[in-house]
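Student: Everything below, folded, please.
(chains A and B)
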Amino acid sequence: MLSIYLAFLEVSFKRQITYRIANWAGLFTNAFFLFFKVALFEAIYVGNEVVGGLNSTSAMAYAGLAQVLVMVIPQWGNIGVGEEIRSGQVAIDMCRPVNYYFLTMSKRLGISLYYVLMRAMPLAALGIFVGILIPFKNLAHIPLFIISVVMGSWIANSYHFLVETSAFWIENARGLKTLSTGIIYFLSGIILPINFFPVWAQNISRFLPFEYTINVPIQIYLGTGSNIFELMFFQLIWCLVMSAQCIWVLSKGENQLTVHGG
Amino acid sequence: MIEAKIKGKMSYQKSYILELLGYFVVTGIDFAAIYFLFESFPAVKGWSLWEIVYLYGLGSSALAIAQLSGEVLEDMSLIIRNGEFDQVLIKPISPLLFLMPQSFRLDRFARLAQGVLASGFSFYYLNIIFSWTNVALFLCSFFSLIIIFISLFLANAATSFWTIQSSEVFNAFTYGGVEMSKFPLTIYKRWMQVLFLFFIPIGFVIFFPTSILFEKENLLNFPKFSAFLSPFIAIAFFGVIWVYWRVGIRHYQSTGS
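Tutor: Just a heads-up that it's a prediction; the model follows:
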């Protein structure tokens, strides 16, 4: 059974590789944003020692890492579920002897794997080269970091999946997409590290899934997280909760689905 | 039948309300990010909260107008691949004049509104007086910025004549430029300053007029009248991209059947 999902993962990985020019342009844009974010944090830290538990080196590394991970742990864009529901393609996929949710997730993980190799790695190399990314303090944290990135990617993709299944009920999901993207983009820590949020906002954010997508892997990398295993435990919980929600919504949507033959 | 019709209408209305709500929340989020930043840090290189809000408002309203007038150019590769560009070329008017009005999208007004609101509030809190000079400084930035954004869309479109595939090379400059324009040019590294002063002059047309407006000392050793050069710089930039576009059209070979 697993081999079927792995095959889908591989296919979507290979398909992604073929968009060569778009990939180079994307890498270019990503690198650009990396330099901008880092320059911003460098500038605001002048005259400040430690803010929100981050010193200037960690804050710059935070900003850099967010750009390294942003495509691997997707924060915006369509994952294609909405279009498949609207076009009716979803009916064919649902007839397959595999679960549509896991099918989509394996495709998405294939794309994330692609971004690890073609986006995250070159950007990380660039970041280390220009001295933005500080190396791991504790080498034993590397495997934990990798697991955390996988879980973060799972949560983020499930979130997009959940939003896009709204296409079962509403025709035009552009508004919902704008809304949902805005929320995850802000609360995941990409725009501003969660450390800089006021305490009340941090307390709210802790009970929402968003900071478990990108903020937690970054905290593990930087070694600034309160308790790594606690953070990862919550990540795991969110993986399970999001998956359960997606599967539940999918079963509701199935009843809603009408396909016009032709 | 009637019931189905009403239901259909309602579902559109629902998504329309969601869309407005979406933009409303996104604006709030953008604003919250700036506000949170200033909770932790008193100032960004001597620029205060409302001065940064002004930059944000200026950037988003100019981008909104540019999108309203030229966003269709972003779909150029698709237009070429579908062979639709042949139909555009045989029209008796300039291809740009034919294409650009198709960019009009009602929802872009939301971005425009958020930009105008942000600028309005910052004017109020900063006690900016409505003198001729100040209005001129604002308009200098605003219109120059619109011209540059449209030029960048055009540059992307022109590149598609060669690549056929969608090419987003200039997106780094468009959206990177929007991101950059939220903060004063003085915070960036020298090479970024040079890039956004002379090559993609977004920084030029925002930084100088705004610095004069807010009476900032650090003008990166430029004379004060640079602020009023902005429109000329923007038009010169458009001119260069225009030539690139013309060369692209001449190079264009149809893909359709």
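
Student: Could you report the neighbour count for the residue of the stretch 1-150 of chain A found nearest chain B?
Tutor: With Cβ to the nearest Cβ as the measure, A:A43 is the residue of the stretch 1-150 of chain A nearest to chain B, at 3.5 Å. From N, CA and C alone the C-beta is placed, and that goes for glycine too. Using other Cβ atoms under 10 Å in any protein chain shown, A:A43 has 18 neighbouring residues.

Student: Quick check: it touching B:K45?
Tutor: Yes. A:A43 sits in contact with B:K45 when judged by Cβ atoms under 8 Å, with a separation of 5.5 Å.

Student: joint contacts of those two?
Tutor: Common neighbours of A:A43 and B:K45, counting by Cβ atoms under 8 Å, 6 or more residues apart in numbering or on different chains, are B:T186, B:I187.

Student: Would you map the helices across chain B?
Tutor: B:2-40, B:49-70, B:76-81, B:84-89, B:95-99, B:108-125, B:132-163, B:171-180, B:190-194, B:202-213, B:226-251 (DSSP state H).

Student: other SSEs contacting the fifth one?
Tutor: So that's helix B:95-99. In terms of contacts (3 or more Cβ pairs under 8 Å, 6 or more residues apart in numbering or on different chains; DSSP states H and E), helix B:95-99 is packed against helix B:84-89.

Student: Low-confidence bits of the chain, can you list those?
Tutor: In the absence of a named chain, chain A is used. Counting by pLDDT under 70, chain A contains low-confidence ranges at A:225-226, A:258-262.

Student: wrong one, chain B
Tutor: In chain B (pLDDT under 70), the answer is B:1-16, B:165-168, B:254-257.

Student: Any idea which residue of it lies closest to chain A?
Tutor: Residue nearest to chain A within chain B: B:E19 (2.9 Å; Cβ to the nearest Cβ).

Student: Not counting its neighbours along the chain, what's nearest that residue?
Tutor: A:G175 (2.9 Å; Cβ to Cβ, 6 or more residues apart in numbering or on different chains).

Student: gap between the one you found and B:I206?
Tutor: According to Cβ to Cβ, to the nearest Å, A:G175 stands 30 Å off from B:I206.

Student: Just want to know which of the two has more residues nearby.
Tutor: More crowded of A:G175 and B:I206, by other Cβ under 10 Å: B:I206, with 28 against 21.

Student: I'd guessed that one sits against B:Y56; true?
Tutor: No. Judged on Cβ under 8 Å, B:I206 makes no contact with B:Y56 at a distance of 11.0 Å.

Student: if I look at B:S122, how far off is B:I52?
Tutor: According to Cβ to Cβ, B:S122 stands 9 Å off from B:I52.

Student: how about the spatially closest residue to B:F173 that is not a sequence neighbour, what does it touch?
Tutor: Residue nearest to B:F173 in three dimensions, not counting chain neighbours: B:I200, with 4.7 Å by Cβ to Cβ, 6+ apart. Shown in contact with B:I200 (Cβ under 8 Å, 6+ apart): B:I148, B:L152, B:F173, B:G177, B:F237.

Student: Which stretches in chain A count as strands?
Tutor: A:50-51, A:54-55 (DSSP state E).

Student: okay if I get those as TSV plus mean neighbour count and distance to B:C140?
Tutor: Listed next are the strands of chain A as TSV, based on neighbours: other Cβ atoms under 10 Å in any protein chain shown; distance: least, Cβ to Cβ, whole Å:
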stretch	mean neighbour count	distance to B:C140
strand A:50-51	15	36
strand A:54-55	17	38
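
Student: Let's have the ones you listed in CSV, adding distance to chain B.
Tutor: What follows is these, written out as CSV (distance: least, Cβ to the nearest Cβ, whole Å):
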stretch, distance to chain B
strand A:50-51, 5
strand A:54-55, 10
